[in-house]
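In: Coordinates for the following, if possible.
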Amino acid sequence: MNLPTLGERELDIMTALWAGGAGTVAEVRGRLGVDLAYNTVLTILRNLESKGLVDHEAEGRVHRYFPVASQEAMQTNALSRVVAKFFAGSPVSVMAHLLESGSLSADELRTLHRHLDMRLNDLEERD
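Out: The predicted model follows:
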């Protein structure tokens, strides 16, 4: 599924919806780590709705917005785009970059090692 890309503020609002669940404009605005005007949040929610990422239900005079696209689907889509655009479609290049950049701690490297071992074991069991 090729989902639309998100701008920074759209991502802020989607993150607030994923973390806190459905909410009115005022509730979503209150969850944001940045101070945005009510009308700005409303406009962004409507834009997200037009992109098919958010929907709403009427509750009296207010609307309660909720995410339609899952965080996992958006992560997969974003990562696929980064791999395609910045790493010539090579996940190995992404991993090599992370390893060579020196930005991973020893604990993170151990965790990554465990994930790689588990994945390799799964593949070997299928053969």
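In: Quick check: mean pLDDT of the helix ranked longest in the chain?
Out: Criterion DSSP state H: the longest helix present in the chain is helix 106-126. In this model, helix 106-126 carries a mean pLDDT of 93.
In: Give me the contacts around that helix.
Out: Applying C-beta atoms under 8 Å, 6 or more residues apart in numbering, the contact partners of helix 106-126 are Leu99, Leu104. Quick note: C-beta positions are derived from backbone N, CA and C, even for glycine.
In: tell me the domain ranges of the protein?
Out: The chain breaks down into these domains under automatic domain parsing: 1-86, 89-126.
In: quick one: the helices in the chain?
Out: Using DSSP H, helices in the chain cover 8-20, 25-31, 38-50, 71-86, 91-100, 106-126.
In: and of those helices, who's closest to Tyr65?
Out: Across the helices of the chain, Tyr65 has its closest neighbour in helix 38-50 (5.1 Å, C-beta to C-beta).
In: quick one: buried residues of the closest one?
Out: Val41, Leu42, Ile44, Leu45, Asn47, Leu48 (16 or more other C-beta atoms under 10 Å).
In: shaky segments in this protein?
Out: 1 (pLDDT under 70).
In: 80 instead, please
Out: For the chain, residues meeting the criterion pLDDT under 80 lie at 1-2, 127.
In: thought Arg64 was touching Thr24?
Out: Yes - between Arg64 and Thr24 there is a contact under C-beta atoms under 8 Å: 5.7 Å.
In: Could you dump the helices of the chain into a markdown table and include distance to Glu57?
Out: What follows is those, written out as a markdown table (distance: least, C-beta to C-beta, whole Å):
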| stretch | distance to Glu57 |
| --- | --- |
| helix 8-20 | 13 |
| helix 25-31 | 13 |
| helix 38-50 | 12 |
| helix 71-86 | 20 |
| helix 91-100 | 39 |
| helix 106-126 | 38 |
